[in-house]
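model this:
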Amino acid sequence: MDALRDAIPGILAALAVAVDVLAGGHALLNKRDNRAAVGWIGVILALPFVGALFYWLLGINRVQRRASALYRDYVRLPRPRPRQAGRSVLGGHSLAELCEVVDRVTSFPVIGDNHVTPLENGDAAYPAMLAAIDAAERSVALQTYIFDHDSVGERFVAALGRAVARGVDVRVLVDAVGARYSFPTIIGPLRRQGVRAAAFNRNIFPWRWTYANLRSHRKILVVDGHTGFTGGLNIRAGHVIGDAPAHPIVDLHFKVEGPVVCQMQVAFAEDWAFTTREQLLGDQWFPAIDARGGMICRGIIDGPDVDLDKLRWTVLGALACARRRVRIVTPYFLPEADLIAGIRTAVLRGVEVEIVLPRHNNQILVKWASTAVLPQIIADGCRVWETRGAFDHSKVLLVDDGWALIGSANLDPRSLRLNFEFNIECYSESLAAMMHDLIDRKIANAYPVTMARLDARSLPARLRDGLARLFIPYL
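Below is the predicted model of the structure:
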C-alpha cells in the first residue's frame with residue numbers, strides 16, 4: 001500500500017505529460033494560425049490537466065467536425081466541374097482572371113445566357129415571388145432562414161397551398177432556429193395546407209453550442225426549375241416598407257432566370273435530401289433551361305463542411321483582382337485578419353474601396369465590434385458610410401464596373417465559416433450599373449465615418465468597442 005501511495009505522484013506526472021503531449025500535438029497539427037497554436041500550447045504546458053481541459057472545451061473546432069458528421073452518410077448531387085477555364089468563357093472580359101480564381105474554388109462552372117433583376121425590399125420582391133408561385137405548373141422549392149408567422153408569412157402559406165391544390169410538387173425548408181422567430185412556427189400552417197415542409201438541423205437541446213451555428217442562412221426560391229429568387233430577404237412583414245412596419249428592414253433580393261437556376265436547385269435539393277432523405281430528381285425539378293439573357297453567372301455554395309471557405313476565397317480573389325474600385329454593402333461587417341489585409345492591400349494598390357453599413361444595427365454587439373475594426377481600414381484611405389433610417393440588411397459586393405456578388409452571406413465569421421450560405425457571382429456591366437446606382441442612392445443619404453469621428457468617441461466607448469472586437473470570431 002505504501003509503495004502504491006509513493007508511486008501516485010509519478011503516475012500523475014506521467015499522465016499529465018501524456019495528456020499535455022496529446023493536446024499540444026493536436027493544437028500543433030490543427031491550428032492554422034501560428035499565434036493560436038503557440039497560445040494554446042502555452043496554456044496546456046502552464047496548466048497541467050486544466051490547460052488540456054480548456055483546449056478540449058474551447059480550442060477544438062467542433063463546428064466543422066459537426067457539419068462533416070451531419071453530412072457523413074449523405075451522397076451529394078453531382079456538381080459538374082468547369083469544363084473550360086473562366087478566361088475562355090469570358091473571352092477578353094477585364095475580370096476573366098477573377099473568374100479563373102473562382103473556377104478553382106467552387107463546385108460549379110460559370111455559365112452564360114442568364115438574366116438577373118434586382119428587387120428592392122419586400123415591396124417589390126414578395127409580389128414577384130408570390131406571382132411565380134401562383135404560376136407554378138410542376139414544382140416549387142423554397143428555402144429560407146426566417147419564415148415568420150405573420151401577415152406576409154400567411155400570404156406565402158396561402159400561395160403554396162394553392163399550388164399544392166393544383167397538383168404542383170411543393171417543398172419548403174426553414175431553418176430550425178429561424179423558424180422559432182415566431183411562435184407557433186410556420187411549419188404547422190404549411191403542413192395543414194398540404195405543403196411538405198421541414199426544419200433544417202433540428203435539435204432538441206437548444207443550449208448546445210452547435211445549435212447556434214450550422215444554420216441554413218440560404219434564401220432560395222425556385223419555381224418549375226427555371227425561375228429563381230435569391231438574396232437577403234427572409235419572409236417577414238418587416239421587409240414591406242410601404243406598410244410602415246414597427247421595425248422596418250431594408251433589403252435586396254433578385255429574380256434569376258436562365259441556366260444558373262439549376263445550380264440554385266442543386267443547393268436546395270442537397271439540403272432537402274440531407275434533412276428529409278428524399279432525393280429530388282427528374283424534369284420537374286431539373287428541366288432543360290432556355291437562354292434568358294446575356295449575363296454570365298455562377299452559383300457559390302458555402303458552408304462549414306466540404307464547402308468551407310469558398311465565399312471567403314471568392315471575396316479575397318475579388319479584392320485582389322479589382323483594378324479601379326470595390327464597393328461593399330453589408331449589415332454585419334466583422335472582417336477577420338485576412339479580409340482586413342485584402343481590403344488594405346486593395347486600397348494601397350490604388351483601388352477605391354467604399355463600404356456601406358447601417359448606422360442603426362439590430363445586433364448591438366456586432367455594431368460595437370465593427371466600429372472597433374474601422375480605424376484599421378479608414379487610416380489607409382478606405383471610405384466608410386453609414387446609412388440613415390431603417391436597418392439596412394442588404395448585401396452586395398461590386399468590383400469595377402462588371403462583377404457583382406449577390407446572395408445571403410454577410411461579411412462576418414458566422415456567414416463565412418459557421419453557416420450554410422448561397423451566393424451568385426454575376427459578370428454583367430448592366431447589373432453592376434444598377435447596383436452602383438443603388439449604392440449611390442444609399443450613400444447620398446448616409447453619414448461618412450471618419451477618423452476624426454472615431455477618435456472623438458469617449459474612452460468608455462472605445463474600451464467597450466475594443467472588448468466587443470475580441471468576440472469577432474464568434475459573432
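
who's in contact with the spatially most central residue of the chain?
Nearest to the mean C-alpha position of the chain, by CA atoms, centre = their mean, lies Ala409 at 2.6 Å. Shown in contact with Ala409 (CB atoms under 8 Å, 6 or more residues apart in numbering): 217, 302, 311, 395, 415-416, 419, 421, 423. Glycine gets a C-beta too; all of them are placed from N, C-alpha and C.

6 Å - rerun?
Contact analysis of Ala409 by CB atoms under 6 Å, 6 or more residues apart in numbering lists 311, 415, 421, 423.

likewise Pro335?
Contacts of Pro335 (CB under 6 Å, 6+ apart): Leu411.

could you look up the SS state of it?
With DSSP: H, G, I helix; E, B strand; the rest coil as the basis, Pro335 sits in coil.

kindly report the same for Arg191.
Arg191 ends up helix, using three-state DSSP.

which of the three states applies to the closest residue to it other than its chain neighbours?
The shortest distance from Arg191 to any non-neighbouring residue, by CB to CB, 6 or more residues apart in numbering, is to Ala197 (5.7 Å). Secondary structure for Ala197, judged by three-state DSSP, is strand.

go ahead and confirm Ala197 touches Pro189.
No: applying CB atoms under 6 Å as the test, Ala197 and Pro189 come out as separate, 9.0 Å apart.

out of these two, which sits in the more crowded spot?
Ala197 (24 against 20; other CB atoms under 10 Å).

tell me the confidence at that one?
Ala197 is assigned 96 on the pLDDT scale.

low-confidence ranges, the stretch 201-350 of the chain, go.
203-213 (pLDDT under 70).

hang on, the earlier thing: who's in contact with the residue nearest to Arg191?
Neighbours of Ala197 in contact, by CB under 6 Å, 6+ apart: 172, 187, 190-191.

what does the longest strand along the chain contact?
Ordering each strand of the chain by length in residues (DSSP state E) puts strand 111-120 first. With contact meaning CB under 6 Å, 6+ apart, strand 111-120 is reached by 125, 128, 253-260, 291-293, 295-297, 426, 431, 434.

same check on stretch 308-316?
The contact list for stretch 308-316, computed with CB under 6 Å, 6+ apart, reads 102, 105-106, 300, 302, 342, 409, 416.

repeat that for stretch 290-301.
106, 108, 110, 112-116, 257-258, 260, 263-264, 267, 307, 310, 423-428.

list the buried residues of it.
292-293, 295-301 (16 or more other CB atoms under 10 Å).

can you check stretch 150-161 too?
In stretch 150-161, counting by 16+ other CB under 10 Å, buried: 150, 152-153, 155-157, 159-161.

ok, residues contacting that stretch?
With CB under 6 Å, 6+ apart as the criterion, stretch 150-161 contacts 130, 133-134, 147, 170, 186, 189-190, 193, 195, 235, 237.

show me which of these is closest to Val177.
Phe147 (11.7 Å; CB to CB).

that closest one: what's it in contact with?
So Phe147 contacts 153, 174, 186, 235 (CB under 6 Å, 6+ apart).

can I get these in a markdown table with secondary structure and distance to Gly51?
As requested, the contacts of Phe147 are exported to a markdown table (DSSP: H, G, I helix; E, B strand; the rest coil; distance: CB to CB, whole Å):
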| residue | secondary structure | distance to Gly51 |
| --- | --- | --- |
| Gly153 | helix | 49 |
| Val174 | strand | 41 |
| Ile186 | coil | 46 |
| Ile235 | strand | 47 |
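
by pLDDT, give me the weakest of the residues you listed.
Comparing the contacts of Phe147 by pLDDT, Ile186 comes last, at 91.

who's in contact with that residue?
Ile186 neighbours (CB under 6 Å, 6+ apart): 147, 149, 153.

for those residues, could you give me a markdown table that also reports distance to Val222?
Below are the contacts of Ile186 laid out as a markdown table (distance: CB to CB, whole Å):
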| residue | distance to Val222 |
| --- | --- |
| Phe147 | 16 |
| His149 | 23 |
| Gly153 | 19 |
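
what is the nearest of those to Thr227?
Phe147 (19.8 Å).

and the gap between that closest one and Arg155?
12 Å (CB to CB, to the nearest Å).

wait, a helix at Asp123?
Yes: under three-state DSSP, Asp123 sits within a helix.

I figured it was touching Gly242, is that so?
Yes: counting by CB under 6 Å, Gly242 is a contact partner of Asp123 at 4.9 Å.

who's more crowded, those two?
More crowded of Asp123 and Gly242, by other CB under 10 Å: Asp123, with 13 against 10.

re earlier: now the contacts of Ala409 in a markdown table, with neighbour count and secondary structure?
Shown next, in a markdown table, are the contacts of Ala409 (neighbours: other CB atoms under 10 Å; DSSP: H, G, I helix; E, B strand; the rest coil):
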| residue | neighbour count | secondary structure |
| --- | --- | --- |
| Leu311 | 28 | helix |
| Ser415 | 24 | helix |
| Glu421 | 26 | strand |
| Asn423 | 27 | strand |
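
max pairwise distance over those: which two?
Applying CB to CB across the contacts of Ala409, the maximum distance is between Ser415 and Asn423, 9.6 Å.

would you list the contacts of Ala409 in a markdown table and tack on distance to Asn361?
Formatted as a markdown table, the contacts of Ala409 follow (distance: CB to CB, whole Å):
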| residue | distance to Asn361 |
| --- | --- |
| Leu311 | 21 |
| Ser415 | 15 |
| Glu421 | 20 |
| Asn423 | 22 |
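
closest to Leu467 out of those residues?
Ser415 (22.5 Å).

how is this structure divided into domains?
According to automatic domain parsing, the chain comprises the domains 2-60, 114-295, 310-474.

closest to Ala96 out of those domains?
That would be, of the domains of the chain and by CB to CB, domain 310-474, which comes in at 8.7 Å.

any idea how far Thr117 is from the residue nearest to Lys310 when sequence neighbours are not counted?
Leaving aside its chain neighbours, Lys310 sits nearest to Asp302 (4.7 Å; criterion: CB to CB, 6+ apart). Going from Asp302 to Thr117 by CB to CB gives 23 Å.

same question, Cys297
Counting by CB to CB, the gap from Cys297 to Thr117 is 13 Å.

for Asp251, give me its contacts.
121, 232-233, 239, 393-394.

what of Val140?
Applying CB under 6 Å, 6+ apart, the residues contacting Val140 are 133, 163, 168, 170, 223.

may I have the phi/psi pair for it?
Main-chain torsions, Val140, degrees, to the nearest 10: phi -140, psi 130.

can you check the pLDDT for the residue lying closest to it once chain neighbours are set aside?
Closest residue in space to Val140, ignoring its immediate chain neighbours: Val170 at 4.6 Å, by CB to CB, 6+ apart. If you check Val170, the pLDDT there is 97.
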